[in-house]
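Give me a 3D structure for the following:
(chains A and B)
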2 protein chains.
Amino acid sequence: MSLDIGAAAIARLYTRLPRKSMEILTPYLLFLGDEESSALAKTARGLAHWCPEACIGQLRIGGVGSDLGLPELTPAEASDLGARTMVVGVANVGGVIPEHWQSSVVDALRCGLDVASGLHARLRDLESVRTVAERYGRRLFDVRNPGRTFPVGTGERRAGKRLLTVGTDCSVGKMYSALAIDREMRRRGMSSNFRGTGQTGILIAGGGVSVDAVVSDFVSGAAEWLSPENDPDHWDVIEGQGSLFHPGYAGVTLGLIHGSQPDALVLCHRAGRERVHGFEKFGLPSLGECATRNVEAARLTNPKAECVGISVNTEGMSTAAAENLLDEIGRRLDLPCVDPIRTGVAALVDRLETS
Amino acid sequence: MSLDIGAAAIARLYTRLPRKSMEILTPYLLFLGDEESSALAKTARGLAHWCPEACIGQLRIGGVGSDLGLPELTPAEASDLGARTMVVGVANVGGVIPEHWQSSVVDALRCGLDVASGLHARLRDLESVRTVAERYGRRLFDVRNPGRTFPVGTGERRAGKRLLTVGTDCSVGKMYSALAIDREMRRRGMSSNFRGTGQTGILIAGGGVSVDAVVSDFVSGAAEWLSPENDPDHWDVIEGQGSLFHPGYAGVTLGLIHGSQPDALVLCHRAGRERVHGFEKFGLPSLGECATRNVEAARLTNPKAECVGISVNTEGMSTAAAENLLDEIGRRLDLPCVDPIRTGVAALVDRLETS
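Below is the predicted model of the structure:
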């Protein structure tokens, strides 16, 4: 697996931890279904961006669905080109696997591919899929399913430094920012691990915990397990989930904050987003209020927690408008404010490196 | 089932909802294991208090364990006296069923009793227990296991009024206060339902959802399901869980707050408690800070949420000291302050009846 973040490096970094690798083989064929919402295809887009060498094609149903610009391949064609796993790279609210997607999954299994899914609903619970996988000796990876139990969070302090990305909403760049920060830290020779907490992050990192699939009593315990004791100068860069201001998911967010015990919070936002995505009756908090409430929550388990910067996705804005916005937010909150794509995250890591 | 809150009345109230009764038969034999911590026997104590007529005896291992003052009965003796279900009425951190408890469970099944458990670990997952239950045609109730799925919370407003008990910690009287408020409301002819969210509350009410066993993504959805749309003057009195200041459980609490959309919060506290129970490195918040943070959280999904009173468990204090404390807290926070056992909860319901 030849990635920006090399698989060998990840494997090496993970050996110190008592965790079983998921061993999902690349290259990937990215299944996009017929879901046209770009936001819902974020798993596929994340993989295409962070593991371009690992993604050899895309599969859409009936020619609709998000287009990642990858070659359109059938499972048979992908298999011929060396693909090892088809990734169901599209989310949908509630996480159910529609019946008309299942025939594509079955087709992939028949063509010799394993199938990995990040949906709540498990591939192995679909009888037709499970039967075919068993018959052809193929593997099903339900990466969102923790596949193990966790203890209740203890709140005990552990060595090592931790950064958690938090956000004003879902889908505002928490995973992207965490990956970019981890990469920048390693570029500088700092000791760092990205810790995935959602399907895309787990598929990119080759490990992690899908915290929103953990039984609620054990969310902070799972976050503690995910970022264990480490060298004092080591950074775990943890992918945040949801938002404290989200009517559906805030509990997941709070448990993740408490278990992660972050020293540093990076607040992520999508420029122009004013309402909660998919829950339009709910407005977003201001960046200042959001930072305050997240720091307040984090200080329960780490009294030194502070917000170290803002990461804004300014996609679609003109360069001048984006620069003005980042500058204005940075001055208003007296914090470094970046767009990981436009400006990179060096300004955030500068602050951590010298702290 | 002849209870303070009659089973027939509960059944009648629940018929309007699309939920399947658990049909756990009484009378109960309360299994207390060998757990001497009174706090961990709260399921058994709650049942003995709220359903005294339904509890005909207690079973302890080796004569140790909390003593509820009920007749000591073996499963055989309890069965002879008419018991129908043995309730594993003792919790333990992490929720595992110790191996040396299992023989008591097997014994009860052999003597013709069903067995109900509120632990995280499921009876049906213990092979020896499941095998015996099947052989003898007995039923296993894992009341903590939701036994169904829930949607993601929507945050959509629904008709009817809701009260949620919140707390400075676990085990401070949130269930007790909710049951007392529900009973007082019904005594006055107000329309009200107690909604159980933990094992004891569910066993008392005959229904509910153990929210801490729900997958974290769906906690607020489960809370919405538990307290559905109702008549505008109807009160759902919802049992709170955990605390926003608990290092292990705060995420559960926040999801429950958001899904419950409470109009009224009652803040519960145990007098003299200064540290988080079992997590002694963590201090409790002040009552004022705790009320503020809970109201702040609740206003995300119900902007009219307010704290309507304080409920303090003053067990073990002298009458004079308890009265002084309640009076002092009430004046300091400018809210009615009661001890449900010493003073009753009339002062809280007065405020709601006239609002």
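
give me the number of residues near A:A76?
14 (other CB atoms under 10 Å in any protein chain shown). Heads up, the C-betas are built off the backbone N, CA and C, glycines and all.

wait, it sits on A:C111?
Yes - counting by CB atoms under 8 Å, A:A76 touches A:C111, with 4.8 Å between them.

Name the residues of the stretch 201-350 of chain A found near chain B, please.
Listed as neighbours of chain B in the stretch 201-350 of chain A under the rule CB under 8 Å from any CB of the partner chain: A:211-217, A:219-221, A:244-245, A:247-256, A:258, A:279, A:281-282, A:297, A:300-301.

Filter those down to the buried ones.
Applying 16 or more other CB atoms under 10 Å in any protein chain shown to those, the neighbour count classes A:211-217, A:219-221, A:244-245, A:247-256, A:258, A:279, A:282, A:297, A:300-301 as buried.

From the residues you listed, which land in helices?
A:V219, A:S220, A:G221, A:A250, A:G251, A:V252, A:T253, A:L254, A:G255, A:L256, A:H258, A:A297 (DSSP state H).

What is the most widely separated pair among these?
A:G221 and A:A250 (18.4 Å; CB to CB).

Which residue ranges of the stretch 51-200 of chain A form helices?
A:75-80, A:99-110, A:127-136, A:174-187, A:199-205 (DSSP state H, counting those that start in this stretch).

For the ones you listed, give me CSV that also has mean pLDDT.
Output for the helices of the stretch 51-200 of chain A, formatted as CSV (pLDDT from 0 to 100):
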stretch, mean pLDDT
helix A:75-80, 97
helix A:99-110, 93
helix A:127-136, 95
helix A:174-187, 96
helix A:199-205, 86
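
Of those, which is nearest B:A54?
helix A:127-136 (41.8 Å).

Just the buried residues of the closest one, please?
For helix A:127-136, by 16+ other CB under 10 Å, it's A:V129, A:V132, A:A133.

now swap in stretch A:271-279 and tell me
A:A271, A:R273, A:V276, A:H277, A:G278, A:F279.

And the pLDDT at A:G207?
Per-residue pLDDT puts A:G207 at 74.

show me what contacts the residue in the stretch 51-200 of chain A positioned nearest to chain B?
Nearest to chain B in the stretch 51-200 of chain A, going by CB to the nearest CB, is A:G155, at a distance of 2.8 Å. A:G155 is in contact with A:S220, A:H258, A:Q261, A:L300, A:T301, B:P247, B:G248, B:F279, B:K281, B:F282, counting by CB atoms under 8 Å, 6 or more residues apart in numbering or on different chains.

can you check A:Q261 too?
Per CB under 8 Å, 6+ apart, neighbours of A:Q261: A:G155, A:R157, A:R158, A:R162, A:E224, A:S227, A:A298, A:T301, A:N302, A:A305.

Give the residue spans of the stretch 101-250 of chain A that score low on pLDDT.
The model of the stretch 101-250 of chain A has pLDDT under 70 over residues A:206.

ok, now which ones touch the residue nearest the centre of chain A?
Among the residues of chain A, A:G201 comes closest to the average C-alpha position under CA atoms, centre = their mean, at 3.4 Å. A:G201 makes contact with A:G46, A:M175, A:A178, A:L179, A:F194, A:R195, A:G208, A:E239, according to CB under 8 Å, 6+ apart.

shouldn't A:N193 be in contact with A:I238?
No - if you go by CB under 8 Å, A:N193 and A:I238 don't touch, sitting 9.1 Å apart.

So if I had to pick from those two, which one is more boxed in?
Between A:N193 and A:I238, counting by other CB under 10 Å, A:I238 is the more crowded of the two (30 against 26).

what bridges to that one?
Beta-bridge partners recorded for A:I238 (DSSP bridges): A:L164, A:R195.
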